[in-house]
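Peer 1: Build the 3D model from these lines:
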Amino acid sequence: MKVAVSWSGGLESSLALHKVIEEGHDVVCLVTFVLGKYWPAMGHPPKIMNSQTESIGIPHLLVNVDEPFKEGYHNAIAELIKTQGIEGIVTGDIYVVDETHGNWMEDVTEGLDIKVIVPLWEQDTFEVLDDEMSSGFRAIFTCVKQPFFTKEWIGKELNQHTVKDLLALAKETGMDPCGENGEYHTMVIDGPIFKKPISIPEFTIEQAQERFFMKIKE
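Peer 2: All right, here's what the predicted structure looks like:
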């Protein structure tokens with residue numbers, strides 16, 4: 001099936017991409033939905049995203065989404081069906097986070113001729129994290145939220161050797177180990193879908209309310 005993968009550059013979208021490639025789907029493009037004033041999204045620096053998609057070797061599309069966002073997503077995906085010929089859209093979502101967002105991709109594609117593919121849906125998040133690490137993905141923390149994290153976590157690498165620190169924090173605070181409730185965001189720097197590891201440019205650590213995030217130096 002010809003599919004597009006909703007791409008944030010983090011661990012869950014990377015694992016979802018890896019799984020649909022293994023299942024034999026034809027990944028036509030990686031799609032990052034650009035939400036007006038909320039772009040670039042905190043914790044997902046475009047410069048790192050460019051390096052990722054160059055290494056992966058799949059075309060990357062930035063698709064503008066107009067407000068109201070539910071209709072904006074619907075229209076943007078309808079256009080992708082026309083222009084890219086996709087039959088499926090893939091996300092790394094694991095569960096319904098809140099009532100406001102609901103089952104977002106299912107809701108916004110209602111009435112469209114497209115299948116929503118969610119390889120990680122309703123899996124135990126400890127098992128998802130273990131799958132990410134055992135598959136060989138390496139990531140860095142690019143955005144973390146207090147009180148779970150301190151700013152020292154920004155730029156730290158998360159891999160199969162360091163994951164124990166995150167698991168200890170999850171056990172101590174009760175947060176979701178995959179950060180599904182916005183506790184943290186990552187950008188993947190290497191893994192089975194990458195032709196070569198990517199390097200992280202110089203950055204500063206900035207703060208916005210209760211979050212610390214990585215800002216790449218120009």
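Peer 1: Look at the closest residue to Gly191 other than its chain neighbours and report its pLDDT.
Peer 2: Nearest non-adjacent residue to Gly191, counting by C-beta to C-beta, 6 or more residues apart in numbering: Phe137, 3.7 Å away. No exception for glycine: its C-beta is placed from N, CA and C like everyone else's. On pLDDT, Phe137 comes in at 98.
Peer 1: likewise Asp190?
Peer 2: The model reports Asp190 with a pLDDT of 98.
Peer 1: I'd say the residue nearest to Gly191 and Ser13 touch.
Peer 2: No - if you go by C-beta atoms under 8 Å, Phe137 and Ser13 don't touch, sitting 11.0 Å apart.
Peer 1: so where's the protein uncertain?
Peer 2: For the chain, no stretch is flagged by pLDDT under 70.
Peer 1: how about the helices in it?
Peer 2: 11-22, 46-56, 69-84, 104-108, 125-134, 163-173 (DSSP state H).
Peer 1: Spit out the contact partners of the residue nearest to Gly191.
Peer 2: By C-beta atoms under 8 Å, 6 or more residues apart in numbering, the contact set of Phe137 is 11, 14-15, 159, 188, 190-192.
Peer 1: before we move on, what about Val3?
Peer 2: 20, 25-28, 86-90, 117.
Peer 1: from the helices of the chain, which stretch is densest packed?
Peer 2: Mean neighbours per residue, mean count of other C-beta atoms under 10 Å, is largest over the helices of the chain for helix 11-22, with a mean of 21.
Peer 1: Flag every buried residue along stretch 35-48.
Peer 2: Buried residues in stretch 35-48, counting neighbours by 16 or more other C-beta atoms under 10 Å, are found at 35, 40-45, 48.
Peer 1: What lies in contact with that stretch?
Peer 2: Stretch 35-48 has contacts (C-beta under 8 Å, 6+ apart) with 8-10, 32, 64-67, 69, 142-143, 185-187, 198, 200-201, 203, 208, 211, 213-216.
Peer 1: for it, the distance to its chain's centre please.
Peer 2: 12 Å (C-alpha atoms, centre = their mean, to the nearest Å).
Peer 1: Alpha carbons only: can I get it in CSV?
Peer 2: Taking C-alpha atoms only, stretch 35-48 is exported to CSV below (Å, rounded to 0.1, in the frame of the first residue of the first chain):
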residue,chain,number,x,y,z
LEU,A,35,0.4,24.6,12.3
GLY,A,36,0.8,28.3,11.6
LYS,A,37,2.0,30.2,14.6
TYR,A,38,2.9,26.9,16.4
TRP,A,39,5.6,26.2,13.8
PRO,A,40,8.4,25.3,14.3
ALA,A,41,7.1,23.0,17.0
MET,A,42,9.0,23.2,20.3
GLY,A,43,11.4,20.3,20.5
HIS,A,44,11.4,19.5,16.8
PRO,A,45,14.0,21.7,15.2
PRO,A,46,13.6,21.9,11.4
LYS,A,47,17.4,21.7,10.9
ILE,A,48,17.5,18.3,12.6
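Peer 1: Report the distance from stretch 25-43 to the chain centre.
Peer 2: 9 Å.
Peer 1: Would you mind measuring the gap between the ends of that stretch?
Peer 2: 29 Å (C-alpha to C-alpha, to the nearest Å).
Peer 1: Ok, stretch 31-48 next?
Peer 2: Start-to-end span of stretch 31-48 (C-alpha to C-alpha) is 15 Å.
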